[in-house]
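Visitor: compute the structure for the input listed below.
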Amino acid sequence: MLVKTFSSAVYGIEATTVSVEVHISTGTRYYIVGLPDNAIKESWQRIESAIMTMQYRMPRQKIVVNLAPADIRKEGSAYDLSIALGILAASGQVRPALLTDYLVLGELSLDGEIQPVKGALPVALQAQKDGFRGIILPRANAREAAAVQGLEVLPADNLQDVIAFLDGVRPLAREEINMEKEFFRHVNDYEVDFADVKGQHNIKRALEIAAAGGHNIILIGPPGAGKTMLARRLPTILPPLLLEESLETTKIHSVAGQLSALSSLMTKRPFRAPHHTISDVALVGGGSHPQPGEISLAHHGVLFLDELPEFKRSVLEVMRQPLESRQITISRAKISVDYPASFMLVAAMNPCPCGYYNHPEKECICGSAVVQRYLSKISGPLLDRIDLHVEVTPVAFNELAGNTQNEASATIRQRVIQARAIQEKRFTNHENIHNNAQMSAKTVREICSIDDSGKQLLQTAMERLGLSARAYDRILKVARTIADMEASASIHNHHLAEAIHFRSLDRENWTG
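Guide: Sure, this is the predicted structure:
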């Protein structure tokens with residue numbers, strides 16, 4: 001007898017429906033065809049044990065399982081449940097009527113329990129697109145899949161629960177969430193706030209500009225000046241995620257297996273802070289079975305690289321292309337997948353190994369050659385891709401001890417939202433451009449026009465600082481953002497002057 005069930009394969013952050021065809025005939029051997037990997041080939045032992053534990057019969061006949069389309073490689077253990085149901089239906093132990101209405105995924109334990117899998121959200125989205133009535137999946141994956149409205153999401157704890165549902169003995173309770181309530185419940189739930197930061201007004205201003213235009217920023221200063229503290233508060237002033245952004249970000253974290261059983265949609269922008277010992281593959285993604293890296297997990301959020309010169313140079317250099325294209329392509333001999341990587345880069349570093357170069361009070365013990373070698377770990381091309389360079393100085397005691405009321409993140413966020421609204425309106429007819437940082441060189445020429453006095457100011461700055469052509473565009477982008485924060489239609493000289501001020505690290509000792 002031939003029975004079809006349906007499961008799904010995830011490539012990148014998109015899913016493809018897989019038809020699981022099970023045929024039982026005269027013979028004694030088991031076969032799985034359709035480019036299965038080792039995890040699928042090993043599923044026989046899990047499936048047989050689960051079926052027998054649930055007091056059902058494992059057919060001692062020839063069983064052929066075909067995973068179609070057969071030219072796409074299938075990976076992982078998510079096909080266990082679908083194959084097991086196909087075997088039971090083909091052997092007449094389970095009614096097959098409902099199997100064509102539902103997409104099924106889940107890994108089986110030897111005792112028949114259904115274990116969680118990766119990528120439930122993209123699978124649910126594809127199931128809805130392909131017209132399935134619903135999806136049967138592990139309970140731990142139910143909340144993320146329930147974010148797809150109009151699709152029956154039926155969580156199950158074990159194989160017996162699914163069999164009882166298919167035979168009409170006992171229904172599976174549908175998982176439902178209130179999308180509006182779920183999306184807005186934690187949107188402003190942050191443990192940190194800019195109101196807690198004493199002093200550092202220049203740095204707060206720079207971070208507000210970065211948030212308003214989506215610009216990359218680097219903070220350089222001595223230990224204890226507050227670089228990490230300030231960086232961790234940046235997400236609190238970014239605009240809330242849109243529903244479309246939330247879905248895309250959640251899909252990436254779902255594929256990476258980083259959503260908990262209590263999670264549905266991600267409502268806060270991600271903040272990723274990998275350690276400086278991270279490898280190239282862990283940062284940009286890849287591996288024998290391609291997985292998203294830290295730059296993709298930071299999609300629509302912030303990637304914070306603390307102690308930037310301590311990262312391997314090769315790790316930093318692989319970021320250059322994603323910073324421009326805002327996506328990463330992982331190519332292997334038999335597969336190529338794309339992961340989105342539209343993130344804000346926030347980097348922090350000491351000015352020298354001891355940390356006190358140019359410190360107003362403490363003396364640096366590093367020689368000039370040591371300082372130069374340390375700074376040269378950051379290549380010129382990478383530095384060019386960072387829009388704002390900010391020097392962080394220690395906070396004076398009277399500011400630390402003072403009782404001055406500081407601006408809360410919510411207040412700053414409102415100004416950022418207003419500036420972003422201006423940019424969204426400006427780029428309505430520009431595909432894939434939503435903020436000033438995403439402008440191409442051509443768009444910069446169209447949008448960021450300056451008068452003759454502005455050109456003279458910029459020419460003088462470029463000649464004195466030795467800025468590159470890319471840095472020229474960066475200054476214009478930042479100046480446009482500063483103008484937007486003032487709701488100014490034109491870029492004036494004071495906008496340019498402030499943008500140039502935030503390229504203060506473009507000096508002769510910064511060479512890559």
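Visitor: number of residues surrounding the closest residue in space to P309 that isn't next to it in sequence?
Guide: Nearest residue to P309, sequence neighbours excluded (CB to CB, 6 or more residues apart in numbering): K377, at 4.0 Å. (Glycine included, C-beta is placed from N, CA and C.) A count of neighbours around K377, defined by other CB atoms under 10 Å, yields 16.
Visitor: can you check N178 too?
Guide: 10.
Visitor: do T250 as well
Guide: 22.
Visitor: mean confidence score for the strand or helix carrying it?
Guide: Assigned by DSSP states H and E, T250 falls within helix 243-255. Helix 243-255 shows an average pLDDT of 90 in the prediction.
Visitor: how much space between T228 and E424?
Guide: Separation of T228 from E424 (CB to CB, to the nearest Å): 31 Å.
Visitor: then L345?
Guide: 22 Å.
Visitor: what's next to the helix holding T250, contact-wise?
Guide: Helix 243-255 is touched from outside by 10, 12-13, 118-122, 125, 144, 147, 183, 241, 259, 264-267, 269-270, 291-292, 296-297, 299-301, 339-340, with contacts defined as CB atoms under 8 Å, 6 or more residues apart in numbering.
Visitor: all strands of the stretch 151-300 of the chain, in order?
Guide: Assigned by DSSP state E, counting those that start in this stretch, the stretch 151-300 of the chain shows strands spanning 152-156, 217-220, 271-272, 285-286, 291-292.
Visitor: Serialize these to CSV and add fields for mean pLDDT.
Guide: Converted to CSV, these look like this (pLDDT from 0 to 100):
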stretch, mean pLDDT
strand 152-156, 96
strand 217-220, 92
strand 271-272, 94
strand 285-286, 85
strand 291-292, 89
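Visitor: just put the ones you listed in a markdown table and tack on mean neighbour count.
Guide: Output for the strands of the stretch 151-300 of the chain, formatted as a markdown table (neighbours: other CB atoms under 10 Å):
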| stretch | mean neighbour count |
| --- | --- |
| strand 152-156 | 22 |
| strand 217-220 | 24 |
| strand 271-272 | 19 |
| strand 285-286 | 24 |
| strand 291-292 | 22 |
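Visitor: out of those strands, which is closest to A441?
Guide: For the strands of the stretch 151-300 of the chain, the distance to A441 is smallest for strand 217-220, at 20.5 Å, taking CB to CB.
Visitor: neighbouring strands for the closest one, and are they parallel or not?
Guide: strand 344-349 (parallel), strand 388-391 (parallel) (DSSP bridges).
Visitor: buried deepest among those strands, which one?
Guide: Greatest average neighbour count among those goes to strand 344-349 (a mean of 25), per mean count of other CB atoms under 10 Å.
Visitor: and the contacts of it?
Guide: Contacts for strand 344-349 (CB under 8 Å, 6+ apart): 210-211, 214-220, 227-228, 231, 234, 238, 301-309, 319, 323, 378, 385-386, 437.
Visitor: swap in stretch 270-288?
Guide: So stretch 270-288 is contacted by 232, 234-235, 249, 253, 291-308, 310-312, 314-315, 318-319, 322, 328, 330, 332, 339, 341, 343 (CB under 8 Å, 6+ apart).
Visitor: of the residues you listed, grab the buried ones for ChimeraX.
Guide: Per 16 or more other CB atoms under 10 Å, the buried members of the contacts of stretch 270-288 correspond to this ChimeraX selection:
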select :232,234,235,249,253,291,292,293,294,295,296,297,298,299,300,301,302,303,304,305,306,308,311,315,318,319,322,328,330,339,341,343
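Visitor: one step back: among the contacts of helix 243-255, the buried ones, what's the PyMOL command?
Guide: In PyMOL, a selection of the buried entries from these looks like this (16+ other CB under 10 Å):
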select buried, resi 10+12+13+118+119+120+121+122+125+144+147+183+241+259+264+265+266+267+269+270+291+292+296+297+299+300+301+339+340
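Visitor: related to what we said a few turns ago, for the strands paired with strand 217-220, which one sits closest to L496?
Guide: Nearest to L496 among the strands paired with strand 217-220 is strand 388-391; the distance by CB to CB comes to 14.0 Å.
Visitor: sorry, back to before: against R320, how distant is the residue nearest to P309?
Guide: Applying CB to CB to K377 and R320 gives a distance of 15 Å.
Visitor: what of V370?
Guide: If you go by CB to CB, the gap between V370 and R320 works out to 26 Å.
Visitor: hmm, back to that, where among the strands paired with strand 217-220 is average confidence lowest?
Guide: The minimum mean pLDDT among the strands paired with strand 217-220 belongs to strand 388-391 (a mean of 90).
Visitor: other residues contacting that strand?
Guide: Strand 388-391 has contacts (CB under 8 Å, 6+ apart) with 202-203, 206, 209-210, 215-221, 383, 478, 502-506.
Visitor: how far out from the middle of the chain is it?
Guide: Remark: strand 388-391 is offset 25 Å from the chain centroid, using CA atoms, centre = their mean, to the nearest Å.
Visitor: that older thread, between T228 and E424, which one's more packed in?
Guide: Higher neighbour count among T228 and E424: T228, with 17 against 13, using other CB under 10 Å.
Visitor: quick check, pLDDT for the closest residue to the more buried one other than its chain neighbours.
Guide: Using CB to CB, 6+ apart and skipping residues adjacent in sequence, the residue nearest T228 is D306, 5.7 Å away. pLDDT for D306: 93.
Visitor: buried among the contacts of strand 388-391? Make that a PyMOL selection.
Guide: Filtering the contacts of strand 388-391 down to the buried ones (16+ other CB under 10 Å) takes a single PyMOL command:
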select buried, resi 203+206+209+210+215+216+217+218+219+220+221+383+478+502+503+505+506
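Visitor: which stretches of this structure aren't confidently modelled?
Guide: Scanning the chain for pLDDT under 70 picks out 182-188, 261, 333-334, 396-402, 504-512.
Visitor: can you list the domain ranges for it.
Guide: 2-166, 194-415 (automatic domain parsing).
Visitor: dump those to a markdown table, plus distance to E431.
Guide: Shown next, in a markdown table, are these (distance: least, CB to CB, whole Å):
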| stretch | distance to E431 |
| --- | --- |
| domain 2-166 | 20 |
| domain 194-415 | 13 |
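Visitor: can you pull the contacts of Q459?
Guide: Q459 touches nothing, counting by CB under 8 Å, 6+ apart.
Visitor: what comes up buried for the helix or strand containing it?
Guide: Assigned by DSSP H and E, Q459 belongs to helix 452-465. Buried residues in helix 452-465, counted by 16+ other CB under 10 Å: 454, 457-458, 461-462, 465.
Visitor: out of the contacts of strand 388-391, which are inside helices?
Guide: 202-203, 206, 209-210, 383, 478 (DSSP state H).
Visitor: widest-spaced pair of the residues you listed?
Guide: Across these (CB to CB), the longest gap, 19.9 Å, separates N202 and L383.
Visitor: report the contact partners of I491.
Guide: If you count contacts by CB under 8 Å, 6+ apart, I491 has them with 448-450, 454, 476, 479-480, 483.
Visitor: spatially nearest residue to the residue positioned nearest the centre of the chain (excluding sequence neighbours)?
Guide: For the chain, L297 is the residue whose C-alpha lies nearest the centre (CA atoms, centre = their mean; 2.6 Å). Leaving aside its sequence neighbours, L297 sits nearest to R272 (CB to CB, 6+ apart; 5.4 Å).
Visitor: likewise for S25?
Guide: Nearest non-adjacent residue to S25, counting by CB to CB, 6+ apart: K62, 5.0 Å away.
Visitor: right, and that neighbour touches V22 too?
Guide: No. K62 is not in contact with V22 according to CB atoms under 8 Å; the separation is 11.4 Å.
Visitor: more crowded one of these two?
Guide: Set K62 next to V22 and count neighbours by other CB under 10 Å: V22 wins out with 24 against 14.
Visitor: coming back round to it: list just the nearest of the ones in helices among the contacts of strand 388-391 to E152.
Guide: Nearest to E152 among these, with distances taken as CB to CB, is A210, at 43.4 Å.
Visitor: how much space separates the closest one from S82?
Guide: Distance, A210 to S82, using CB to CB: 47 Å.
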